[in-house]
Structures are given as C-alpha cells and as structure tokens.
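Engineer: my questions concern the predicted model and sequence given below.
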Amino acid sequence: MIGITRRRHSSARFSPSATAPRAERRQGRRGRPALLAVVVAALAASVLSAPPSSAASAPWAACTNGYVGLTFDDGPNPATTPALLNALRAGGARATWFVWGQRAQQNPSLLRSTVEAGMWIGNHTWTHPHLTQIGQAAVHDEISRTQTFLRQATGQTPTLFRPPYGETNAQVRDTARQLGITGEVMWNVDSRDWAGASTAQIVQAASTLRNGDIILMHDGYQTTVNAVPQILSGLSSRGLCPGRIVGGTDLRPIVTAP
C-alpha cells in the first residue's frame with residue numbers, strides 16, 4: 001500500500017509572497033486538493049500496471065525433478081473451461097488442450113480464452129470418431145478440418161495431435177504427419193475422470209507422475225476442476241513443474257520447460 005505523508009515546511013519556503021493578493025493565495029490553497037488527487041491517481045495507476053512480483057511464479061522456480069505434461073481433452077466446454085482456466089492461472093500453470101473441433105466451432109470465445117490464458121492447443125479431430133475404423137479419407141477430413149478451423153480461429157496451427165480414445169495406427173500417423181503434426185500425444189497416467197473417478201482419485205493418479213510423464217484429463221468434469229489446485233500443489237512439493245509438450249522423433253512427444 002502506498003501512502004502519502006504530508007510534511008510541514010517553513011512558511012518562508014512554501015508560502016506565497018507577502019505581496020501577493022489574498023484572493024490569489026486562497027485560490028492556491030483551493031488548488032492543492034486537486035493536485036493531491038492527481039498525484040494519488042498517478043501512484044495508484046503505477047501500482048496497478050506494475051508487473052506481477054516474482055512471488056507469483058515462486059511455486060515453479062525450482063523444477064529440480066523435471067517437467068510433466070498436463071493435458072485436457074474434449075474442450076472447450078462452457079460448464080468447465082472457465083473454471084479450469086481460473087484454477088490453472090491461479091497456480092501459475094499452463095497445460096495443453098486437445099480441442100474437439102465441433103465444440104470449438106460452437107464455443108469460439110472459449111477457445112480464444114484458452115489461448116489468451118497461455119494454454120497450448122492440440123488437434124483432437126472434428127467429431128471425435130474411432131479413427132482406426134473410418135478409412136483414410138475420413139481420417140484426413142477429421143484432422144484437416146480441425147487444423148483449418150483452429151488456425152482461422154486462433155492464428156495458430158497445432159503441431160500436436162491426440163487421436164480420440166487413444167486409437168491410432170500407421171495410416172492415422174501418416175495422415176497426421178502430412179497435415180503438419182509433429183507429435184502424436186498419448187499418456188503415461190490416466191486420471192480416469194472419464195470413468196467417474198473422484199477428485200481424490202484424480203489427485204492420487206497425478207501423484208504418480210514422474211519427469212517426462214503426461215497425464216490424461218478432460219475438460220468436462222467438476223471433479224477434475226476441483227483436483228487441479230491439489231495436483232499443482234503436489235507437483236510443486238515434489239520438485240516437478242508443468243511443462244510444454246513438443247513433437248520428437250517419429251511423432252513421439254517430449255515434455256520440456258515452458
């Protein structure tokens with residue numbers, strides 16, 4: 001809190017000249033509150049516009065045991081996306097959203113909010129089908145249509161892709177690679193939020209994460225929203241930090257520093 005202390009000064013230094021008209025001196029005194037208000041407003045503005053202190057990023061200052069990938073599938077979802085973003089921002093964390101194309105088209109403002117919050121976006125197909133059962137042309141359409149929409153909506157072309165249900169094969173991978181995908185992202189840890197896992201069970205699953213691991217979660221469950229603060233606290237206590245997922249050799253994902 002910034003305070004302004006009024007100090008007394010000698011009249012010889014700050015009083016108007018003895019020869020000045022009384023009206024002028026009265027007007028000078030009346031003008032002082034206005035000047036004080038301007039000074040206070042300027043100080044307040046400087047405080048509000050100041051960058052966040054380093055304390056805000058303190059939980060992730062020491063990633064002594066490495067990085068893990070936090071991922072959320074099937075968004076954006078009006079019921080849960082805002083709360084998930086708030087929980088992640090409150091913890092100073094970033095995650096990867098694997099976006100369901102149709103849902104993004106239905107909720108473009110939520111998609112933009114996700115990107116503006118600093119999250120990374122990946123391709124999760126247009127209609128969430130079983131890719132290994134629909135043929136190459138349909139696979140191409142599912143991935144390509146989502147790539148095009150996300151590029152137009154956000155200005156970013158995803159390089160990460162997660163096949164729905166984790167179902168993939170050589171044809172799916174080849175098609176994804178042709179469309180600019182450099183990483184097909186599966187997971188090491190399944191939160192099982194999709195199967196009705198409780199918040200405590202989701203937190204327990206996340207407690208098994210180790211350096212380089214990726215956890216599967218979904219944008220659609222309140223239990224997952226409730227788990228995020230505890231997950232972040234647990235990672236911090238174990239010297240792990242939320243990292244960024246990038247593509248590696250043969251589309252294999254790698255978790256790196258953000």
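Structural biologist: Right, received. Where do you want to start?
Engineer: what's the neighbour count on Ile214?
Structural biologist: 21 (other Cβ atoms under 10 Å). Any C-beta I mention is one placed from the backbone N, CA and C, and that applies to glycine too.
Engineer: quick one: distance of the helix or strand encompassing Leu216 to the chain centre.
Structural biologist: Using DSSP states H and E, Leu216 sits in strand 214-218. Remark: strand 214-218 is offset 15 Å from the chain centroid, using Cα atoms, centre = their mean, to the nearest Å.
Engineer: now do stretch 141-155
Structural biologist: 20 Å.
Engineer: from memory Arg94 sits against Val115, does it?
Structural biologist: No - if you go by Cβ atoms under 8 Å, Arg94 and Val115 don't touch, sitting 11.2 Å apart.
Engineer: counting by contacts, list what the strand holding Leu216 packs against.
Structural biologist: Helices and strands touching strand 214-218, as assessed by 3 or more Cβ pairs under 8 Å, 6 or more residues apart in numbering; DSSP states H and E, comprise strand 67-73, strand 189-190, helix 199-206, helix 222-237.
Engineer: buried deepest among these, which one?
Structural biologist: Across the helices and strands packed on strand 214-218, averaging neighbours per residue (mean count of other Cβ atoms under 10 Å) puts strand 67-73 on top, at a mean of 26.
Engineer: so which of the helices and strands packed on strand 214-218 is nearest Thr256?
Structural biologist: Thr256 sits nearest to strand 67-73 of all the helices and strands packed on strand 214-218, at 6.4 Å, using Cβ to Cβ.
Engineer: that closest one pairs with which strands, and in what direction?
Structural biologist: Paired strands of strand 67-73, with direction, are strand 96-99 (parallel), strand 214-218 (parallel), strand 241-242 (parallel) (DSSP bridges).
Engineer: which residue is the nearest non-sequential neighbour of Thr125?
Structural biologist: Glu142 (4.2 Å; Cβ to Cβ, 6 or more residues apart in numbering).
Engineer: now the one you found: which helix or strand?
Structural biologist: helix 136-154.
Engineer: next one: Leu84
Structural biologist: helix 81-90.
Engineer: so what does that helix touch, helix or strand wise?
Structural biologist: So helix 81-90, by 3+ Cβ pairs under 8 Å, 6+ apart, packs with helix 108-116, helix 222-237.
Engineer: on that earlier part again, what's the distance between the residue nearest to Thr125 and Ala87?
Structural biologist: Distance, Glu142 to Ala87, using Cβ to Cβ, to the nearest Å: 30 Å.
Engineer: out of the two, which sits in the busier spot?
Structural biologist: Counting neighbours by other Cβ under 10 Å for Glu142 and for Ala87 shows that Glu142 has the greater number, 24 against 19.
Engineer: pull the contacting residues for that one.
Structural biologist: Residues near Glu142 by Cβ atoms under 8 Å, 6 or more residues apart in numbering: Gly101, Thr125, Trp126, Thr127, Pro129, Leu131, Ile134.
Engineer: make TSV out of the residues you listed and add distance to Leu111, secondary structure and pLDDT.
Structural biologist: Listed next are the contacts of Glu142 as TSV, based on distance: Cβ to Cβ, whole Å; DSSP: H, G, I helix; E, B strand; the rest coil; pLDDT from 0 to 100:
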residue	distance to Leu111	secondary structure	pLDDT
Gly101	10	helix	98
Thr125	15	coil	98
Trp126	14	coil	98
Thr127	16	coil	98
Pro129	20	coil	98
Leu131	22	helix	98
Ile134	25	coil	97
